[in-house]
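**Student:** A structural model of the following input is requested.
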Amino acid sequence: MHQDCPFCSIDPDRVVFSDDSHGDAIWDAFPVNPGHILIVPRRHAATWDDLTDVEKAWAWSAVDQAIAVIRADHSPEGFNVGFNLGSAAGQTVFHFHLHVIPRYMGDVEDPRGGVRHVIPAKGNYLPEKTISKLQQQLIKGGDDPFLPHLILHLDEADRCDIAVAFLLDSGARCIIEHLKDFLDRGGQARILVSDYLDVTEPIALRRVADLEGALSLKIYETQVQAFHLKSYAFAKGSEGIAFVGSSNLSETALTTSLEWNYKVVSARDVLGFRQIREGFDELFNHSSSISVGEEWIEQYERRRRLPDRIRESGVADEEPVPIPQPHSLQREALNALVATRNDGFTAGLVVLATGLGKTWLAAFDSDHPEFRRVLFVAHREEILNQAIQVFRQIRPNARIGRLSGEQRETHADLLFASVQTLSRMPHLSQFKPDDFDYIVVDEFHHAAAGTRGFLCQSIRHKRP
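**Tutor:** The predicted structure is shown next:
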């Protein structure tokens, strides 16, 4: 062990998974993107050349497990994997480590070339655009899609206001990881969409509403009023940038369509930027702008009229995203769980290596009509947030609630509760042992004695 080496003494909270014989996978302290993992051999070896053949084999074998963890937690669209060998290649910490970096659509202006960008001028050997994104004022779509511009400014802002006529699930999926990262670092977001022509999708509203943080989501109830607004404003301190144009929050509008969006920079156009912000404030605080909750979404689903209105709106019809399916190990575990229930057991312990998808397994196994209400208990907010994302993909239309911190959304199909909040007697006492049809406890030993008693009593009340 080297005293000054950051990888010879690792904070346990950063460890993703470990192999006691070889090394650890840890979250990068300065991630390039959300979910960035480092593979670090336990023995202090300065470079790749200093590793044994066994250590090299372990490092590469750990990449698959790291990718599985990142996919489960962050759903990236791609990966860059590699390491720096020597100072000339950019190595600054001389304890070998291998980077597994998730990539998301729009995280850079043009990803073509990938790892070739270690020498920027040689990264993309295709013709360069003559105007950088920061210089552009008019974004025209097509070969210059709006999404990278949106993400660039969201990643640099501490406040954002978005107002669009239509929010589709494809658009929500394009920005959700970046919006989650924005909120995680303390950003404040206000999002206003409309119910005009019933085009906005309920699953998209649910996906955004699931996010934790300083997010205010409202719907503008149009009734007889047409609503065609598309505005995006980002601010940091006293400066800001806004876009006004034609892009709704849909994948096609953000990535492939010919869409014009004009950029207003506060430093150059103080009046224009102020008018955009004031216009947004007026609409967001209008009596027709209603906070989005599960009750509103359910009412909207019941009255929504499609597909004629999709055609009337001019928005491209999009296929729904296929529900994820379990992989082979999960299918084997699911069969075993069904068999234990058939044998009369109402409780089971699942042991799987990190990255193989225990949360996904719980979501798959509980997705049956007889398990109408599900309680998911965990000891960390991060686990609850990740679980909500997973269960949302399996049950896109479920009512999801939280019992954590100040949130008390207990009348839900899927309730996600922190051990700390659930263990307080006033919260425990509001539930009867038969209130839930399926209970998931992440790391059961973290539950307090009273909570464990309630959970065990709940399980005993169930009938196979």
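**Student:** Every contact and neighbour count from this point should use C-alpha atoms.
**Tutor:** Fine.
**Student:** any idea which residue sits dead centre in this structure?
**Tutor:** Geometric centre of the chain, nearest residue: Glu177, 4.0 Å, by Cα atoms, centre = their mean.
**Student:** quick one: secondary structure of that residue?
**Tutor:** At Glu177 the chain is in helix, as set by DSSP: H, G, I helix; E, B strand; the rest coil.
**Student:** One more: Ala235?
**Tutor:** At Ala235 the chain is in strand, as set by three-state DSSP.
**Student:** same question, Ile439
**Tutor:** Recorded secondary structure, Ile439: strand (three-state DSSP).
**Student:** Show me what the closest residue in space to it that isn't next to it in sequence bridges to in the sheet.
**Tutor:** In this structure, Ile439 finds its nearest non-sequential neighbour in Leu375, 4.8 Å apart by Cα to Cα, 6 or more residues apart in numbering. Per DSSP bridges, the residues bridged to Leu375 are Leu415, Ile439.
**Student:** Let me know whether Leu375 touches Ala412 as I believe.
**Tutor:** No. Leu375 is not in contact with Ala412 according to Cα atoms under 8 Å; the separation is 9.4 Å.
**Student:** Neighbour count: these two, which is higher?
**Tutor:** Taking other Cα atoms under 10 Å, Leu375 and Ala412 do not tie; Leu375 has more neighbours (21 against 17).
**Student:** what are the ranges of the strands in the stretch 301-450 of the chain?
**Tutor:** Here the stretch 301-450 of the chain has its strands, by DSSP state E, counting those that start in this stretch, at 374-378, 400-404, 407-408, 414-418, 438-441.
**Student:** Name the nearest residue to Arg305, sequence neighbours excluded.
**Tutor:** Nearest to Arg305 is Asp198, by Cα to Cα, 6+ apart, at 6.4 Å.
**Student:** ok, longest helix in this protein?
**Tutor:** The residue-count maximum for a helix in the chain (DSSP state H) belongs to helix 53-74.
**Student:** buried ones in it?
**Tutor:** 55, 58-59, 62-63, 65-67, 69-74 (16 or more other Cα atoms under 10 Å).
**Student:** before we move on, what about stretch 340-359?
**Tutor:** 345-347, 355-359.
**Student:** Ok, stretch 209-226 next?
**Tutor:** 209-211, 215-222.
**Student:** gap between it and the chain center?
**Tutor:** On the basis of Cα atoms, centre = their mean, to the nearest Å, stretch 209-226 sits 19 Å off its chain's mean C-alpha point.
**Student:** mind checking the end-to-end distance for that stretch?
**Tutor:** End-to-end distance of stretch 209-226 (Cα to Cα, to the nearest Å): 24 Å.
**Student:** quick one: contacts of that stretch?
**Tutor:** Contacts with stretch 209-226, where a contact means Cα atoms under 8 Å, 6 or more residues apart in numbering, come from 180, 183-184, 186-196, 208, 284, 288-293, 385, 388-389, 400.
**Student:** got the residue ranges for the helices in the stretch 1-150 of the chain?
**Tutor:** Assigned by DSSP state H, counting those that start in this stretch, the helices in the stretch 1-150 of the chain fall at 53-74, 120-123, 146-156.
**Student:** what separates Ser61 from Lys358, distance-wise?
**Tutor:** 20 Å.
**Student:** Sort out for me which of the buried residues of stretch 209-226 are in strands.
**Tutor:** 215-220 (DSSP state E).
**Student:** Let me see the domain layout of the chain.
**Tutor:** Domain segmentation of the chain under automatic domain parsing yields 12-103, 138-313, 328-461.
**Student:** Low-confidence stretches in the stretch 201-350 of the chain?
**Tutor:** Counting by pLDDT under 70, the stretch 201-350 of the chain contains low-confidence ranges at 306-317.
**Student:** Now for His99: which residues touch it?
**Tutor:** Counting by Cα under 8 Å, 6+ apart, His99 makes contact with 36-39, 80-83.
**Student:** let's go with 10 Å and repeat that
**Tutor:** For His99, the contacting residues are 25, 27-28, 31-32, 36-40, 63, 66, 79-84, by Cα atoms under 10 Å, 6 or more residues apart in numbering.
**Student:** Write the PyMOL selection for whichever of these are buried.
**Tutor:** Buried residues among those (16+ other Cα under 10 Å), as a PyMOL selection:
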select buried, resi 25+27+28+36+37+38+39+40+63+66+79+83+84
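**Student:** How many residues are close by Gln386?
**Tutor:** 15.
**Student:** That one: what's it in contact with?
**Tutor:** 72-74, 359, 392.
**Student:** go with 7 Å
**Tutor:** Asp73 (Cα atoms under 7 Å, 6 or more residues apart in numbering).
**Student:** His286 versus that one, what's the distance?
**Tutor:** 34 Å.
**Student:** Over to Ile191?
**Tutor:** 14 Å.
**Student:** between these two, who's got more neighbours?
**Tutor:** Ile191 (18 against 11).
**Student:** Is it correct that that one falls within a strand?
**Tutor:** Yes. Assessed with three-state DSSP, Ile191 lies in a strand.
**Student:** pLDDT value on the residue nearest to the centre of the chain, please?
**Tutor:** For Glu177, the model assigns a pLDDT of 90.
**Student:** Nearest residue to it in space, please, no chain neighbours.
**Tutor:** His74 (6.8 Å).
**Student:** Equivalent analysis for Asp365, please.
**Tutor:** With sequence-adjacent residues excluded and distances taken as Cα to Cα, 6+ apart, Asp365 is closest to Leu334, at 6.2 Å.
**Student:** what's the spacing between Asp437 and Leu258?
**Tutor:** In terms of Cα to Cα, Asp437 sits 49 Å off from Leu258.
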